[in-house]
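# Mind folding the following:
(one chain, ligands or ions: 1)
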Amino acid sequence: MRLILLAGTSFAITQGYVRNVPSLIRPPFALDLSSAKDVWILPTEQDVSNAVHSIVEDAANKAIAEKGSFALAIPGGSVLTVLSSLEPKGDWVSKTTLAYVNHKCVPNDDLSSAIHAKARNMFLDRWGLTNVVTLDGTADAQAEASAYQAKLEAIPASVLPRDADGFPVFDLCLIGVGDDGHIGSLYPGRDEINEASKWAIGVEMKSPPSISLTLPVMQRAKQSVVSAAGKSDKYPKGKASAMRLAVDDEQVTPAEFPACALRGTTVWIFDEPNGSEMPSRQRATLDEFLAH
Ligand SMILES: O=C1O[C@H](COP(=O)(O)O)[C@@H](O)[C@H](O)[C@H]1O
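Numbers count the residues shown, from 1 in each chain. I've put the predicted structure just below:
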């Protein structure tokens with residue numbers, strides 16, 4: 001892909017298409033909208049869960065070996081269920097700083113809608129992970145987003161490194177995707193996906209509102225992962241069509257389907273049903289994934 005910068009507007013040329021991508025690109029990050037390269041379709045939901053567990057532990061061990069700490073960002077939804085069956089090995093938990101990719105602006109102990117309350121209940125308390133960047137628990141999304149960014153900025157760069165553009169670089173970012181293509185709380189058809197300088201933003205689309213990490217932060221994680229496996233009450237048919245749009249459809253834009261903006265930077269892991277609309281994609285066993 002080639003990038004042409006013209007009078008403050010960026011055009012990405014991908015596979016013969018010219019796309020107008022206003023202010024989304026903050027060098028040196030190119031928005032690569034060609035098909036995602038790092039896509040794994042594993043046989044079962046359990047395989048996907050095991051693959052994510054392995055990624056978390058490997059990323060933690062590697063980060064701790066390199067810099068003595070592990071900076072992890074997690075979303076809500078099905079990823080919480082995946083993490084709830086992880087039994088941490090070794091002592092990486094005590095060296096982990098956890099942040100949320102997105103979070104509703106509600107009190108942190110609200111078990112019905114606070115990701116933090118759910119995560120505590122499902123695994124954080126059991127793991128003993130207490131070093132968590134939480135919201136203040138108000139309903140003011142803009143103030144919460146500013147405060148969240150300030151809390152992230154206060155984390156030393158030895159724990160949460162910054163890149164050359166000043167953005168934080170999480171060791172691992174697990175990113176939730178909805179079947180409308182939203183990532184974190186960056187929804188289709190809204191301006192938030194274009195945010196190119198803040199680390200966290202307020203999203204007042206639903207009630208209660210949310211905060212979300214921004215696309216540049218998601219893109220800059222050392223490693224980022226989107227997983228989709230099984231079905232849920234929200235997605236009784238799974239997310240097969242959405243995942244195909246996310247990784248393979250070269251016509252969709254981030255404005256229409258934000259998840260496609262992660263193609264160049266993210267590892268995508270699906271079970272067979274959620275990968276079923278990608279018949280030409282290679283299949284792998286869990287062992288092959290773990291050995292790669
Ligand atoms: O709306 C949301 O959905 C995503 C995806 O949820 P999932 O249950 O389908 O994995 C979630 O990650 C995010 O936190 C939530 O706000």
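# Please report how far the nearest residue to S158 once chain neighbours are set aside lies from L160.
Nearest residue to S158, sequence neighbours excluded (C-beta to C-beta, 6 or more residues apart in numbering): K67, at 6.2 Å. (Each C-beta comes from the backbone N, C-alpha and C, glycine too.) Distance of K67 to L160, computed by C-beta to C-beta, to the nearest Å: 10 Å.
# need the contact list for the residue nearest to S158.
S158, V159, P161 (C-beta atoms under 8 Å, 6 or more residues apart in numbering).
# interface residues of the stretch 1-150 of the chain facing the ligand?
P75, G76, G77, S78, V79, N102 (C-beta under 6 Å from any ligand atom).
# Quick check, the residue in this structure closest to the ligand?
Closest to the ligand within the chain is G176: 1.8 Å, counting by C-beta to the nearest ligand atom.
# nearest residue to that residue other than its sequence neighbours?
P75 (3.3 Å).
# okay, stretch 153-164 in PDB with CA atoms only?
Extracted C-alpha coordinates of stretch 153-164, given in PDB (Å, rounded to 0.1, in the frame of the first residue of the first chain):
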ATOM      1  CA  GLU A 153      -0.400   9.200  31.300                       C
ATOM      2  CA  ALA A 154       0.600   9.000  35.000                       C
ATOM      3  CA  ILE A 155       1.800   5.400  34.500                       C
ATOM      4  CA  PRO A 156       5.600   5.500  34.100                       C
ATOM      5  CA  ALA A 157       6.900   4.800  30.600                       C
ATOM      6  CA  SER A 158       8.900   1.900  32.000                       C
ATOM      7  CA  VAL A 159       5.500   0.200  32.600                       C
ATOM      8  CA  LEU A 160       3.500   1.600  29.700                       C
ATOM      9  CA  PRO A 161       6.000   2.700  27.100                       C
ATOM     10  CA  ARG A 162       5.200   5.600  24.600                       C
ATOM     11  CA  ASP A 163       6.000   5.400  20.900                       C
ATOM     12  CA  ALA A 164       7.600   8.200  18.900                       C
END
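# same question for that stretch, mean pLDDT?
Averaged over stretch 153-164, pLDDT sits at 97.
# and it, how far from the chain's centre?
18 Å (C-alpha atoms, centre = their mean, to the nearest Å).
# buried set for that stretch?
Buried positions in stretch 153-164, judged by neighbour count with 16 or more other C-beta atoms under 10 Å: I155, V159, L160, P161.
# Can you lay out the contacts of K67 as CSV showing secondary structure?
Below are the contacts of K67 laid out as CSV (DSSP: H, G, I helix; E, B strand; the rest coil):
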residue, secondary structure
S158, coil
V159, coil
P161, coil
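# that older thread, now do the same for the residue nearest to G176: its pLDDT.
According to the prediction, P75 has pLDDT 98.
# which residues sit in contact with it?
Y100, V101, N102, I115, L174, I175, G176, G184.
# Might one say that the second one is in contact with I175?
Yes - applying C-beta atoms under 8 Å, one finds V101 in contact with I175, separated by 5.9 Å.
# Mind listing the shared neighbours of the two?
Contacts common to V101 and I175, judged by C-beta under 8 Å, 6+ apart, are P75, I183, G184, M218.
# Let's have the residues you listed in CSV, adding distance to S280 and secondary structure.
Converted to CSV, these look like this (distance: C-beta to C-beta, whole Å; DSSP: H, G, I helix; E, B strand; the rest coil):
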residue, distance to S280, secondary structure
P75, 29, coil
I183, 24, strand
G184, 29, coil
M218, 27, helix
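# show me where this protein has strands.
Counting by DSSP state E, the chain has these strands, from start to end: 2-6, 9-14, 17-20, 39-42, 70-74, 96-100, 102-104, 172-174, 200-203, 210-213, 224-228, 266-271.
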